[in-house]
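Visitor: pasted the sequence and its predicted model underneath.
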Amino acid sequence: MNDSPAQSSEDGHKEYKVVASLRTDVGCVREINEDSGKYVQPNSPEVLASKGMLFVVADGMGGHSAGEVASSIAVETVSRVYYDDKSDPEESLKKAFRQANRDIHAVSVKNASLSGMGTTCTALVLRDGTALSAHVGDSRLYLVRGGRIYVMTEDHSAVMEMVKRGLISLEEARHHPDKNIILRAVGSQPDVEVSSWEEPFPVRASDQFVLCSDGLYDLVEDEEIKQAVLEADPHVACESLISLAKDRGGYDNITVGIIRLQPSGEVHSSVKETREAEVLR
């Protein structure tokens with residue numbers, strides 16, 4: 001992990017266009033893909049101006065098929081509630097997470113086969129030259145800026161708590177046997193604490209964001225993620241990162257979304273532009 005990136009007060013949102021790709025893969029071992037992801041760019045100019053674009057990645061957990069149900073509910077509820085809510089974007093995003101938590105928990109209580117299910121959930125909003133984020137669990141949001149990569153979320157995991165207490169190093173955490181034990185999940189309890197940034201984060205042209213489940217970063221180093229993002233357009237980079245994780249065993253589901261703030265006039269590749277897209281398992 002690097003230090004926090006220097007922030008800029010410049011509002012350069014008219015100087016770039018957003019090019020994004022979001023992909024998920026079952027991996028090489030699992031039979032069911034319990035990851036879900038969604039990217040929404042509203043068709044309405046008014047909604048786009050007021051609420052921006054939303055990107056969500058969720059990694060479900062539970063018994064047979066329960067994780068798949070939990071992650072699917074999370075991305076659908078977060079995207080629906082975020083745009084329906086009339087609060088400011090920051091509050092709407094947190095409300096959306098809390099509603100997803102209630103919905104998942106209610107389903108798990110009613111259906112014994114889904115008892116105890118939950119999911120990680122990490123969301124990014126790009127609006128009016130700024131970024132917002134909300135986060136529960138150990139899926140991650142990265143920023144690639146100025147040739148460096150920054151982790152913009154903190155894993156809610158047992159090993160990260162050990163790192164914070166100085167018991168183990170970040171490198172030791174990568175290979176610790178408890179690295180996949182998370183301390184916070186959406187839906188596993190009646191209430192959830194949602195982590196979010198204290199204020200909107202100013203973005204710059206050429207910034208790139210990466211959202212991913214642990215199926216990617218457990219097997220692919222941060223510097224390798226950075227290189228893939230810098231060397232290719234978002235679609236190609238998503239595919240190459242998933243392939244790299246699978247080449248190294250792909251023992252978990254793998255989801256990755258890459259969002260590039262492409263400077264106006266720059267031709268980065270022939271990526272298909274879309275008004276609304278979502279990832280389905």
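Guide: Alright, I've got the coordinates.

Visitor: any residues touching stretch 162-180, and which ones?
Guide: Met1, Asp138, Ser157, Ala158, Val159, Met160, Asp214, Asp218 (CB atoms under 8 Å, 6 or more residues apart in numbering). Where you see a C-beta, it was placed from the backbone N, CA and C, and this is true even at glycine.

Visitor: so which of those is the most crowded?
Guide: Scoring these on neighbours with other CB atoms under 10 Å, the highest-scoring entry is Asp138 at 27 neighbours.

Visitor: list the contacts for that residue?
Guide: Going by CB under 8 Å, 6+ apart, Asp138 touches Asp59, Thr120, Asp155, His156, Ser157, Met160, Asn180, Ile182, Asp214.

Visitor: for it, grab phi and psi.
Guide: With angles defined as degrees, to the nearest 10, Asp138 sits at phi -130, psi 10.

Visitor: state the distance from it to Asp178.
Guide: Distance, Asp138 to Asp178, by CB to CB, to the nearest Å: 12 Å.

Visitor: widest-spaced pair of the contacts of Asp138?
Guide: Asp59 and Met160 (15.5 Å; CB to CB).

Visitor: ranges for the helices of the stretch 1-150 of the chain?
Guide: Taking DSSP state H, counting those that start in this stretch as the criterion, the stretch 1-150 of the chain carries its helices at 45-51, 66-84, 89-110.

Visitor: tell me the angle of the longest one relative to helix 66-84?
Guide: Going back to what we said before, that points to helix 89-110. Angle, helix 89-110 to helix 66-84, by axes from the mean of the first three to the mean of the last three CA atoms, to 10 degrees: 140 degrees.

Visitor: and helix 89-110, what's buried?
Guide: For helix 89-110, a neighbour-count test (16 or more other CB atoms under 10 Å) marks 89-90, 92-105, 107-108 as buried.

Visitor: contact partners for Val186?
Guide: By CB under 8 Å, 6+ apart, Val186 lies in contact with 58, 70, 74, 97, 100-101, 104, 118-121, 136-137, 192.

Visitor: and Ile259, by the same measure?
Guide: Residues near Ile259 by CB under 8 Å, 6+ apart: Val18, Val19, Ala20, Phe55, Leu124, Leu126, Gln208, Phe209, Val210, Leu211, Pro234.

Visitor: the fourth one: how many residues sit nearby?
Guide: Using other CB under 10 Å, Phe55 has 27 neighbouring residues.

Visitor: list the residues that contact the closest residue to it other than its chain neighbours.
Guide: Nearest residue to Phe55 in three dimensions, chain neighbours excluded: Leu124, at 4.6 Å (CB to CB, 6 or more residues apart in numbering). Residues near Leu124 by CB under 8 Å, 6+ apart: Leu54, Phe55, Val56, Ala131, Leu132, Ser133, Leu141, Phe209, Leu211, Ile259.

Visitor: same deal with Lys86?
Guide: Counting by CB under 8 Å, 6+ apart, Lys86 touches Ser92.

Visitor: coming back round to it: I'd like the helices of the stretch 1-150 of the chain written out as a markdown table, with mean pLDDT and distance to Ile242 added.
Guide: Formatted as a markdown table, the helices of the stretch 1-150 of the chain follow (pLDDT from 0 to 100; distance: least, CB to CB, whole Å):
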| stretch | mean pLDDT | distance to Ile242 |
| --- | --- | --- |
| helix 45-51 | 96 | 29 |
| helix 66-84 | 97 | 17 |
| helix 89-110 | 97 | 25 |
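
Visitor: Gly147: which of those is closest?
Guide: Closest approach to Gly147 among these (CB to CB): helix 89-110, 29.4 Å.

Visitor: can I get the CA coordinates of the closest one in CSV?
Guide: The C-alpha coordinates for helix 89-110 follow below in CSV (Å, rounded to 0.1, in the frame of the first residue of the first chain):
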residue,chain,number,x,y,z
PRO,A,89,-25.1,11.7,-2.9
GLU,A,90,-23.0,10.9,0.1
GLU,A,91,-26.0,10.2,2.3
SER,A,92,-27.8,8.4,-0.4
LEU,A,93,-24.9,6.0,-0.9
LYS,A,94,-24.8,5.1,2.9
LYS,A,95,-28.6,4.7,2.9
ALA,A,96,-28.4,2.3,0.0
PHE,A,97,-25.8,0.2,1.8
ARG,A,98,-28.0,0.1,5.0
GLN,A,99,-31.0,-0.9,3.0
ALA,A,100,-29.1,-3.7,1.3
ASN,A,101,-28.0,-4.9,4.7
ARG,A,102,-31.7,-5.0,5.9
ASP,A,103,-32.9,-6.7,2.7
ILE,A,104,-30.2,-9.4,2.8
HIS,A,105,-30.6,-10.1,6.5
ALA,A,106,-34.4,-10.3,6.1
VAL,A,107,-34.1,-12.9,3.4
SER,A,108,-31.6,-14.9,5.4
VAL,A,109,-33.9,-15.0,8.4
LYS,A,110,-36.9,-16.2,6.3
